[in-house]
Each structure stands twice: as structure tokens, then as C-alpha cells.
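J.: Structure, please.
(chains A and B)
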Amino acid sequence: MVGPQPATPDAVIEFRDVSKRFGPTTAVDGVSFAIGAGETVSLLGPSGCGKTTTLRLIAGFETPDEGIIEIAGETMAGKRPYERNVGLLFQHYALFPHMTVAENVAYGLKHRHWPRTEIAGRVDEMLRLVQLRGFGGRRPGQLSGGEQQRVALARVLATRPQLVLLDEPLSALDAKLREELRLELKQILATVRSTTIVVTHDQDEAMSLADRIIVMNRGRIEQQGTPDDVYSQPRTPFVAAFVGRANWIHGRISGEVTGGYARLVTDRGSRLAIRKPPAIAAEQWSVCIRPERMAVAGPGAAAGRAGDNLLPGRVVDIVNMGAALHQVIDCAEGRMMVVEPNRGAAQARKGECVSLLFRAEDCVVLPRVAG
Amino acid sequence: MDDGLRILCLAMIIAVVCFLLIPIAVTVVMAFDARAYLGPLPPPGFSLRWFRQFFADDYFLRGLGTSLQLAAAAITISLSVGVATAFAIDRARFPGKEAAVALFLSPLIVPPVVTGFALLLFLAEMGLVNGFARLLAGHIIITVPYTIRATLAGLAGIDRSLTEAALVLGATERQAFWDVTFPLARTGIVSGAIFALAVSLDDVAVSIMLTDAHTYTLPVALISSMRANFDLSIAAASVLLMLVTLALILALERFVGLNRVIGQGVFR
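T.: Residues are numbered from 1 along each chain as shown, chains lettered A, B, ... in the order given. Below you'll find the model as predicted:
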């Protein structure tokens, strides 16, 4: 450890080496990040990765055991939740069931001591923003899930928080509604230009809402970057596997370089052209290829260019997903999934021998992890 | 469901309702019996004579007065104690919490006769011989489990994130309690009060141990008078008790019922 890092100027929120333990388990383990004004950042990870604890640390429901949390350059040590200007959208909305929609939206304004004359106007403005004009007199129990979600959002944004936290904002909704609200949420967040952190385990949610993704695993940050970076250039096998689907091929790197490509000798002896591996000392390597970067060709296909790879295999299953065909193919290196757009007639049939075609540029090379 | 099963269910429901309602119906009819003696059903004529006799009887009136005062005092105290205890249990996390809850609810398990007798011996040892004070102690003991349990049930439905939502919106812990927790627990508190009232007005087993010659409750008065000279003013008294209870439940149901509609969101 090098000790706490220096403060990042202009950060709305900054974590510096923050740790939080619950008994023997370390929920958040030396986490550092900074988020600038107007940025939308997603904390992405499986359950138990520390993302929810991170959120609760920011809101002030938990206190860090180590490290510094600053909001707008001010340390949050010892600050109660009501002494911070943070908005939190709860996963299950947490609307007050005994208050009307308008009372719910006004609640924060009342306690943030807005002048009484301005509260009604602000409530109207917020309900217009979330397209729930005229719903002010209803009770949360009389609203649909999507409407409750929007009331909760209006309540969060009403007080103009410095930082908006969204906890699994769409997970309680059904798939179709989720799609609609995701777009709407993105537009609303853009309208109010808030700095936002979206906590989610759903990579679609993270990819579509965030400018930047912080992937967490076991209390630590695995990788930070744009959605494109995290998907196309995963830096650890965990990130590759968690963000999107991945096909894996394991082997050794032979050392020879041809046409700018390194060479991987797979466990089964096939030789593949791959991108140059990162400068890490490793015996065993894993190559990750995204399903949509693979194609299925006839059994006799020949590699056209340098950097094209061919692996023989057999079609195990073809699933028509509507827009795409999911083709499951077994080859000596393991089971591969190939996703191709559904263009009508399938190119291969179940049980047929085929060739898997993929390019060296699409092979992400990572050191192999045991197990 | 097939028709045979449906008819069977319906028959069961009717049988149970009859079993519950017929004795009460008989009592109500007999309370209005015009005859001066206990005769076969149905009575040849109806009158209010048994009600007049009830209200002319100082013994019953005294019992009724004591019962009402006792119920009011016992509920006030047991509600304050029960609600405070329930909030404490709900919030606190300490080893032996389950045992503490069981202890608070134990008067439900101990037979009332035992509670009454034990209390009689104990209070005599302590030198407390005032009838009303003894009855009050007994009624607090038998009603507190109901107020605790009902309040706990009300609190159990309140999501912790509601309090957190209030905090993050700028309310202090105290404000969050009065704005969110308390109003949502009100349904539970009121139903606790209804239970406590019913238990207190209805109790015989504990009260009979703790009465003295001058202070006794209406149910105790009814039982002793039934042994001495059985007449239908007891039926009239029963009808009055039923009416009082019914009126209270209807009044409170309006209050609780409204809250239940509002509180729906909590239990989803």
C-alpha cells in the first residue's frame, strides 16, 4: 500500500482506499474512484461484490472502517445521511404508502427547508418531468410499478441532490417495461444533468445508462472504463465472463510472431493467431472471443487472410432467438456459442460438421486463472 | 372446484355459522322475553322488562361501572407499555431477544386462573388489598401481550428502507420515526387496543380472584348472580355487552379499516 492517494480536483464524489468489514467478511476492500460532475457511472458486479455496501457508504447508512469518502471536496466522516445532499432511488422505491404522491415528492423539500410557497411549484415541476401530471393526489398503492418508480425518481430529484444514487433501478420491473423506462430514465437524468451512480448486476442496464462502468468483484474494483472498453478490452477473466458472454480457449504462447500476430498453441494442439499478449509473466493463457465475433462456415472453409482462425467443430444446437441465432458448437477446445443475426435460412444444421471462423483481432488474451 | 366439493364447503360454512350464531340468537330473543319466568322458546310476547330490571339493579350497575373504568385504565397503561416495548424489541438487536419476546408474551400461555391466583397471593404478601388496584394489575398483565403482539405485527410490515428513504431525504431519526414509522404502525396499535378492550371486558378467570366485596367487574357480577338467582336480566346484560363491543369494533374498524387501505403498500 502506498497510503491514501491525493484528492482529485473537481470530483463530485471520491473514494480513497475505502474499506468496510462486516465481522470476518470484507465487503469493500481498498476501493478508490472519483466521479466528475455530470458523469453517469455504473457500479457493476454480482451480488455480494460490494456494490451495495459502496452505495450505502455514500448515502451514510454505513461508516467506512478505513479510507476517506469526499463529496464535493468535503469529507463525509461523521456525517449522518440527512447531513449529506445525496439522492437515493431504492430498488423497491420505498415510497411512503400513507402519503400521497405529492406528499412523497414534497417530503425532501420540507425537510430541506424549502420555503412553503415554492414547494407546490417544485412538486408540479417534478411530476411533469416524470410525466405523472395530475397524479399528485393518488396513493402509491394505486399506482403501477412503473409509475411508482417514476414517483420515486421525482422524489429523489426534487431536492436537486449533488449526487444521485440508483440502486438496481429497473430490476423490479418486467422485461418490456424495463426497456421503456431505461430510455426514459436516461433522458430524465440527461435533462437534470445530475451526477449519477447506478448500482446494478445487470450488464445491459450498466452498458445502456452509464458513461463509465466500474466492475466490482469480491469488494475490489476489477476494471474501470467506458462500456465499450469493458466489453471489448476486458482486463481480467472475471470481467470478460461477467460482462457479456465469452467463449474461452486455453493454451500456451509459442513465442513465434507472424504478421504481427502471436501464436497460441491450444491444450488440444491447434495453433491460433492471436493479438499480442499483455506484458505479464504467465505460463498458461486464456483467449476470450465474444460469441458475435465468431462465425460458422462450411467444413472445408479455408483461412482467407493472415490472422483468420479456423477450428473444426460440430453443431450441437441452434436456438432461434428471433433477431439472432444462437448456435452451440462443440470443438476439441470446448463448447462455443456463436451468435449470428437471423437472416432466414440457417447456414448449418444440428449435427453437421462445420468450421468456426474468428479473427486474431477479436481474441482477448488474458493470463489463465486456475479452476 | 367441482360442484360436490363446493356444496360440501358451503354446508360446512353454514354449519359453523349456525353453531356460532344460534346460542347468541337464543340469548338475544330471551332477553326480550315478556314472561316473568324462564319458559320454552319461542316467547309468547316481547318486552324490555329484563333490561329495566338490569338497570334497576345496583349490583349489576356497579359491576358495569367498574368494568368500564377498569377497561379504560388498563388499556391506557397496557397500550403505553406494550407500544414502547414493541418498538424497543423491533429496533434492538441483542442476544436473548427471542427469549425476551417470549417472556413478554408468556401471560398468553399461563392459564388465567393461575395468573389470578398467583397475583392474589403476591399482592396480599405485598400488602396491596385495594380491589380496584388489584384488578387493574391483573388486567394490565392479561392485556399487555395483545398490545405488544399487535404492535409488533404492525411494525413487522414496515420496510427498513422507508426509514432510510426519510433519512436520505433530510429527515432526522426522530422526524423519520414520527413521519413514517409511527403512522404505519398505527393499524397494529389500534388492533392491539381492540383486543385488549375485548379481553378486559370479557375476563372472568383473573378478575374473580381479585375482586372484593365492593369492587367487581360485570362478568363476575353476572356469574355470581347466576348462581344466586337465575333470571333473564343476565341475558339482557349479555345483549348490552354485545352492543357495547359491537359499537366499539365498528367505530375502530372505520379508523383501522381506512388505515388498512392506505397501508396496503406496506405489505406487498
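J.: give me the element B:Ile223 is part of.
T.: Using DSSP states H and E, B:Ile223 sits within helix B:218-228.
J.: Need the residues that contact that helix.
T.: The contact list for helix B:218-228, computed with CB atoms under 8 Å, 6 or more residues apart in numbering or on different chains, reads B:59-60, B:62-64, B:66-67, B:201-204, B:207-208, B:211, B:216, B:233-234, B:237-238, B:241. In short, each C-beta sits where N, CA and C put it, glycine included.
J.: residues touching B:Phe46, list them.
T.: Counting by CB under 8 Å, 6+ apart, B:Phe46 makes contact with B:Phe32, B:Asp33, B:Ala34.
J.: For the last one, what are phi and psi?
T.: Summarising the backbone geometry of B:Ala34 under the convention degrees, to the nearest 10, its torsions are phi -80, psi -20.
J.: Nearest spatial neighbour of the most centrally placed residue in chain B, chain-adjacent residues omitted?
T.: Computing the C-alpha centroid of chain B and ranking residues by CA atoms, centre = their mean puts B:Ala198 first, at 2.0 Å. Spatial nearest neighbour of B:Ala198, excluding adjacent residues (CB to CB, 6 or more residues apart in numbering or on different chains): B:Thr245 at 6.5 Å.
J.: Need the pLDDT of residue 58.
T.: Unless you meant another one, I'm taking chain A. Here, the pLDDT recorded for A:Ile58 equals 95.
J.: should've been chain B
T.: B:Asp58 is given a pLDDT of 87.
J.: try A:Gly371
T.: Confidence score, pLDDT, at A:Gly371: 59.
J.: Okay, now stretch B:89-105: how far is its last residue from its first?
T.: 12 Å (CA to CA, to the nearest Å).
J.: How about it and chain A, any contact?
T.: No: residues of stretch B:89-105 are not located near chain A by CB under 8 Å from any CB of the partner chain, the shortest gap being 13.4 Å.
J.: and the closest residue to chain A within the stretch 1-150 of chain B, helix, strand or coil?
T.: In the stretch 1-150 of chain B, no residue comes nearer to chain A than B:Arg93, which is 13.4 Å away by CB to the nearest CB. Using DSSP: H, G, I helix; E, B strand; the rest coil, the structure places B:Arg93 in coil.
J.: I'd like to know how many residues surround the closest residue to A:Gly255 other than its chain neighbours.
T.: Setting aside the residues directly before and after it, A:Gly255 is nearest to A:Arg263 in space (CB to CB, 6+ apart), at 7.7 Å. By other CB atoms under 10 Å in any protein chain shown, the residues close to A:Arg263 number 17.
J.: quick one: what helix or strand has A:Arg263 in it?
T.: Using DSSP H and E, A:Arg263 maps to strand A:261-266.
J.: Where does the prediction get shaky in the chain?
T.: All of this is about chain A. A:1-7, A:9, A:345-347, A:371 (pLDDT under 70).
J.: wait, I meant chain B there
T.: B:1, B:252-253, B:255-268.
J.: For chain B, what's the nearest residue on chain A?
T.: Closest point on chain A to chain B, by CB to the nearest CB, is A:Pro97, at 3.1 Å.
J.: Let me know the secondary structure of A:Gly244.
T.: Classification of A:Gly244 by three-state DSSP places it in coil.
J.: So what does it have for phi and psi?
T.: Here is the backbone geometry of A:Gly244 (degrees, to the nearest 10): phi 80, psi 180.
J.: Count the residues that sit near it.
T.: 18.
J.: From what I see, it and A:Asp228 are in contact.
T.: No: in this structure, A:Gly244 is not within contact of A:Asp228 by CB atoms under 8 Å, at 11.5 Å.
J.: Which stretches in the stretch 51-200 of chain B count as helices?
T.: Taking DSSP state H, counting those that start in this stretch as the criterion, the stretch 51-200 of chain B carries its helices at B:58-91, B:97-105, B:112-126, B:131-156, B:160-168, B:173-176, B:182-202.
J.: Over to the stretch 101-250 of chain A?
T.: A:101-111, A:116-129, A:145-158, A:175-192, A:203-209, A:227-232, A:237-242.
J.: Of all those, which one comes closest to A:Pro299?
T.: Closest to A:Pro299 of the helices of the stretch 101-250 of chain A is helix A:237-242 (CB to CB; 28.9 Å).
J.: before we move on, the earlier item: so how many other residues sit close to the residue of chain A closest to chain B?
T.: Residues near A:Pro97, counting by other CB under 10 Å: 23.
J.: Could you do A:His201 as well?
T.: A:His201 has 18 neighbours, counted by other CB under 10 Å.
J.: any chance you could read off phi and psi for it?
T.: phi -110, psi 0.
J.: Equivalent analysis for A:Thr100, please.
T.: Torsion angles, degrees, to the nearest 10, at A:Thr100: phi -70, psi 170.
J.: out of everything not next to it in sequence, what's closest to it?
T.: A:Gly137 (5.5 Å).
J.: what do you get for A:Ala324?
T.: A:Val339 (5.2 Å).
J.: That neighbour against A:Ala323, yeah?
T.: No: judged on CB under 8 Å, A:Val339 makes no contact with A:Ala323 at a distance of 9.8 Å.
J.: between those two, which one's more packed in?
T.: Neighbour count, other CB under 10 Å: between A:Val339 and A:Ala323, A:Val339 has more, with 19 against 8.
J.: quick one, strands of the stretch 201-350 of chain A?
T.: A:212-217, A:220-225, A:247-258, A:261-266, A:271-274, A:285-289, A:294-297, A:308-320, A:324-331, A:334-341 (DSSP state E, counting those that start in this stretch).
J.: Run through the residues that contact residue 148.
T.: Using chain A here. A:Gln148 neighbours (CB under 8 Å, 6+ apart): A:Tyr93, A:Leu95, A:Pro140.
J.: You answered for a different chain; I wanted chain B.
T.: Applying CB under 8 Å, 6+ apart, we find B:Ile148 in contact with B:Gly82, B:Thr85, B:Ala86, B:Ile89, B:Phe104, B:Leu105, B:Gly192.
J.: quick revisit: in JSON lines, list the contacts of B:Phe46 along with neighbour count.
T.: As requested, those are exported to JSON lines (neighbours: other CB atoms under 10 Å in any protein chain shown):
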{"residue": "B:Phe32", "neighbour count": "18"}
{"residue": "B:Asp33", "neighbour count": "22"}
{"residue": "B:Ala34", "neighbour count": "12"}
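J.: returning to what we had before: the residue nearest to A:Gly255 and A:Ile253 touch, don't they?
T.: Yes: using CB under 8 Å, A:Arg263 makes contact with A:Ile253 at a distance of 6.9 Å.
J.: which residues are in contact with both of the two?
T.: With CB under 8 Å, 6+ apart as the test, A:Arg263 and A:Ile253 both reach A:Ile274.
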